[in-house]
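[1] Sequence and predicted model, in that order:
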Amino acid sequence: GWEAQVECVTPCQVIMAYLDYSSPSRDENGVIKACIGQEITLGAQATFSGNGAGSVYTWDFDNGGTATGQNVNVTYNVPGIYRVNVIVTDIFDCRNNNIINQVIQVSPEPEVTIDLPPEICFGVDTIVTVNAEYDRITRDCAPPVTGTTFLPDGNNNIYSTSVTIDCFDNDQFITAGNQLARVCINMEHSFSNDISIRLISPNGEVVLLHNRGGGGTYIGQANDDGSLEPGIGETYCFTMDAATILIDGPEITGGVPPADMFLPGDYLPIDSFDNFIGSPVNGVWTLQVHDQAAIDNGYIFWWALEFKEDILPAAFTFQPVMEAISVPLTNGVVDITGNQFTINPEIEGQLCYDVTIINDFGCTYTETVCTNVGAQIVLNEPREFQGCADDNGIFLFDFQPVFSDLSDNQLLVFTIHSTESEANEALNA
């Protein structure tokens, strides 16, 4: 006989969440641009095929922080690209059927150069140029898969480790093999001829990266002392831009006991990455190691996929630019044009200027620079000295009054010349 239990449940309604409001507002590409430390306000709404009363809105800010409510605030203290999502849960514990993946770009601070000289002249125009450079920020759509994967001594065993990619458009597919720039593996194994390594795309397409061969050559600094202690991983990247497959690569000495190992670096895969054409970019990518002989073992310490930057979603890379500068109109600042400001100080001694850079995110960064203004040079009426020559034709003049006046200013150096032309050329002082 058999026994059945029938239970009636209420099916989940369709819930669709969407971002209803943000401050700062989204730009024409739907991206929120913000500054370090700036408070961002987000508001969400949802449509319900049934009743949405009592639903709870839970936010994930992609920085480890969460909040509950339809309207929330968040502040980011680290520059980067963040994907914010909201989960709407009704009273029956049913959740929204979509994800909003709202992108927030947070601007980094700039590297600033301001060419204000350490010494400038009193009452003379000095033009100061300001430049600001910002780092390019790119979100890694395929961060390294960390955590050790043991490759034990086996015979025809397959070991797998996977990563889920979900930041590309859902309808985005590999259209050229080189859109997958490289696959990098940090690993060690004590017998390269034991194993083959392959990468499997979300739709099941397979590319063979390494297919045995190489005899007992180590991959990485393997530990071949008979224990299960891991050796030291080295990084091997497989890319269509490389010149040779792994087993034809150069060898160096490494591992325990010291023996031949393949030099870490870039290598051609056995199969072409063109095998992945037609595969969705989003989904589960799996790295498999097939151990086809007994005795030796190894470890994968991490591995990563790297896609060409030109297939990344546009919102997943940005580089701010300086749009304007601002300087208070004090301490002799007489003009601000573009990325330059002009000062004509009428105060001697140290003067400082607060220079503010404004970028295309509306973010500001202020740097203070100082200079020393020399003393004012006071020009008096020329002094005329008259005298008569002695019997030998020598003129004697008393310059002591001039010396006394000039010696009061420690910033001046003066010399005496016989003619004006010699003075202009600083000759025969």
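    Received it, and whenever you're ready, just let me know what you need. Nothing here was measured: the structure is a model prediction, and the numbers come from that model.
[2] going forward, measure contacts between C-alpha atoms and count neighbours the same way
    Fine.
[3] Closest to the centroid, which residue in the protein?
    Ile137 (3.8 Å; Cα atoms, centre = their mean).
[4] What backbone torsions are found at the closest residue to Ser49 other than its chain neighbours?
    Take Ser49 and drop its neighbours on the chain: the residue closest to it by Cα to Cα, 6 or more residues apart in numbering is Val14, 5.2 Å away. Dihedral angles of Val14 (phi, psi; degrees, to the nearest 10) stand at phi -90, psi 120.
[5] what does Phe273 give?
    Dihedral angles for Phe273 - degrees, to the nearest 10 - are phi -60, psi -10.
[6] quick one: the closest residue to it other than its chain neighbours and Leu312, what's the gap?
    Among residues not flanking Phe273 along the chain, Gly177 sits closest, at 4.5 Å (Cα to Cα, 6+ apart). In this view, Gly177 and Leu312 are 15 Å apart by Cα to Cα, to the nearest Å.
[7] how about the helices in the stretch 301-429 of the chain?
    Under the criterion DSSP state H, counting those that start in this stretch, the stretch 301-429 of the chain contains helices at 400-406, 420-424.
[8] Show me which helix or strand of this protein is least confident by mean pLDDT.
    When each helix and strand of the chain is scored by mean pLDDT, DSSP states H and E, helix 400-406 comes last, with a mean of 67.
[9] returning to what we had before: identify the bridge partners of the residue nearest to the centre of the chain.
    Under DSSP bridges, the beta-bridge partners of Ile137 are Phe318.
[10] can you check Val145 too?
    Here Val145, judged by DSSP bridges, has bridge partners Trp303.
[11] Determine the number of other residues adjacent to it.
    By the measure other Cα atoms under 10 Å, the count of residues near Val145 is 17.
[12] if I pick it, what's in contact with it?
    162-163, 302-304 (Cα atoms under 8 Å, 6 or more residues apart in numbering).
[13] Adding neighbour count, write these out as CSV.
    Conversion of the contacts of Val145 to CSV gives the following (neighbours: other Cα atoms under 10 Å):
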residue, neighbour count
Ser162, 15
Val163, 18
Trp302, 18
Trp303, 24
Ala304, 19
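[14] Which one of those residues is nearest to Gly204?
    Gly204 lies nearest to Ser162 out of the contacts of Val145, by Cα to Cα, at 12.8 Å.
[15] residue contacts, Gln288?
    158-161, 197-200.
[16] An error on my part: the question was meant for Thr356.
    Neighbour list for Thr356: 325-327, 364-367 [criterion: Cα under 8 Å, 6+ apart].
[17] Mark which of those are buried, thanks.
    The neighbour count (16 or more other Cα atoms under 10 Å) marks 325-327, 364, 366 as buried among those.
[18] picking that back up, between Gly177 and Leu312, which is the more surrounded one?
    Taking neighbours as other Cα under 10 Å, Gly177 and Leu312 compare with Leu312 leading, 19 against 16.
[19] Can you tell me the closest non-neighbouring residue to the more buried one?
    Leu312 sits nearest to Phe168 (Cα to Cα, 6+ apart), 6.8 Å away.
[20] ranges for the strands of the stretch 151-300 of the chain?
    Applying DSSP state E, counting those that start in this stretch to the stretch 151-300 of the chain gives strands spanning 157-165, 180-189, 195-200, 206-211, 218-219, 234-238, 251-254, 259-262, 265-267, 283-291, 298-307.
[21] Make sure Ala46 is actually in contact with Ser55.
    No: using Cα atoms under 8 Å, Ala46 is not in contact with Ser55; the gap is 9.5 Å.
[22] Now for those two: what residues contact both?
    Val88.
[23] Quick check: buried residues in stretch 359-373?
    359, 361, 363-364, 366, 372-373.
[24] biggest separation within the residues you listed, which pair?
    Phe361 and Val373 (35.5 Å).
[25] returning to what we had before: need the buried residues of stretch 359-373 in JSON lines (columns: pLDDT and distance to Glu234).
    Output for these, formatted as JSON lines (pLDDT from 0 to 100; distance: Cα to Cα, whole Å):
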{"residue": "Asn359", "pLDDT": "97", "distance to Glu234": "41"}
{"residue": "Phe361", "pLDDT": "97", "distance to Glu234": "41"}
{"residue": "Cys363", "pLDDT": "97", "distance to Glu234": "41"}
{"residue": "Thr364", "pLDDT": "97", "distance to Glu234": "43"}
{"residue": "Thr366", "pLDDT": "97", "distance to Glu234": "43"}
{"residue": "Asn372", "pLDDT": "96", "distance to Glu234": "54"}
{"residue": "Val373", "pLDDT": "95", "distance to Glu234": "58"}
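[26] Now which of the contacts of Gln288 would you call buried?
    For the contacts of Gln288, buried by 16+ other Cα under 10 Å: 161, 197-200.
[27] what about the residue nearest to Leu312, how many neighbours?
    Neighbour tally, Phe168, other Cα under 10 Å: 18.
[28] my read: it touches Val281, true?
    Yes: applying Cα under 8 Å, one finds Phe168 in contact with Val281, separated by 6.7 Å.
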